[in-house]
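[1] Build me a model:
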Amino acid sequence: MSSPTPRCRNRASGWTVERQTLFLAALAESGSAERAAVDVGMSASTAYRLRKQPRGADFATAWDTVLSIRAARLTEELLARANPPPRQVYYRGRVIGEKVAVSNRLLLAMLDRTMARRARGSGDPATVYYAALARLAALKVNDSTGSATIV
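    Below is the predicted model:
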C-alpha cells in the first residue's frame, strides 16, 4: 500500500499524514468514506478533494487498495452466508437428517456483479486470475524435458 500524502504546509486541522492513515484504517473497517471522515474529525468532501488533487495520488491509490481488500473480504463473507454448512435436524433427541439453507438469490446477485465487472474489463482480481488460467491453459508442457511451449 502507498504511503499517505504529506502536505506542503502542515495545518493542524487539515489532512495530515496521521489523519490520512487513520482515515484509511476507518475506511477499511466501515467501507464508507463519509463515516471514515467523521471518525477522524474531517468531512468526506475534503477527503474526496484530496483524492482528486495531484498531491493526493498516493492517498487515492491507498484508498482504492483498501476498498479492493474490503470487497474481497465482503465477497468471502457473502459466499459463506449464501452457502452455509448443513445443520443437523433433531427429533426427540436424535439426529434425523440435515438441513441446508442456501440463498440462491444472494449467489445470483453476486454472479451478476462479477459478470458485469468482467464485461467492463476491470482489473479486478477475478479477471486477472482467469486471464492467468487461460495463459496457463495455452501452454503445452513437454514431459521429457519439462519445458513449456505455447500451443
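[2] Show me the helices in this structure, by range?
    Ranges of helices within the chain are 17-30, 33-39, 44-52, 57-82, 104-120, 125-137, based on DSSP state H.
[3] Which one of those lies nearest to G93?
    helix 57-82 (29.3 Å; Cβ to Cβ). In this view, the C-beta of every residue, glycine as well, is placed from N, C-alpha and C.
[4] on that earlier part again, please tabulate the helices of the chain in TSV, including the columns mean neighbour count and mean pLDDT.
    Formatted as TSV, the helices of the chain follow (neighbours: other Cβ atoms under 10 Å; pLDDT from 0 to 100):
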stretch	mean neighbour count	mean pLDDT
helix 17-30	17	90
helix 33-39	17	95
helix 44-52	15	94
helix 57-82	15	82
helix 104-120	12	70
helix 125-137	11	55
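[5] Any idea which of those gets closest to V95?
    Proximity to V95, assessed across the helices of the chain by Cβ to Cβ, is greatest for helix 57-82 (23.2 Å).
[6] circling back: how about a markdown table for the helices of the chain, with distance to I96 added?
    Converted to a markdown table, the helices of the chain look like this (distance: least, Cβ to Cβ, whole Å):
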| stretch | distance to I96 |
| --- | --- |
| helix 17-30 | 42 |
| helix 33-39 | 46 |
| helix 44-52 | 54 |
| helix 57-82 | 26 |
| helix 104-120 | 25 |
| helix 125-137 | 40 |
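[7] Local confidence estimate at V40?
    We have a pLDDT of 95 for V40.
[8] From what I see, Q88 and V95 are in contact.
    Yes: using Cβ atoms under 8 Å, Q88 makes contact with V95 at a distance of 4.9 Å.
[9] quick one, domains of this structure?
    1-79, 83-120, 123-151 (automatic domain parsing).
[10] give me the number of residues near P85?
    7 (other Cβ atoms under 10 Å).
[11] Enumerate every residue touching it.
    V100 (Cβ atoms under 8 Å, 6 or more residues apart in numbering).
[12] Brilliant, that's me finished.
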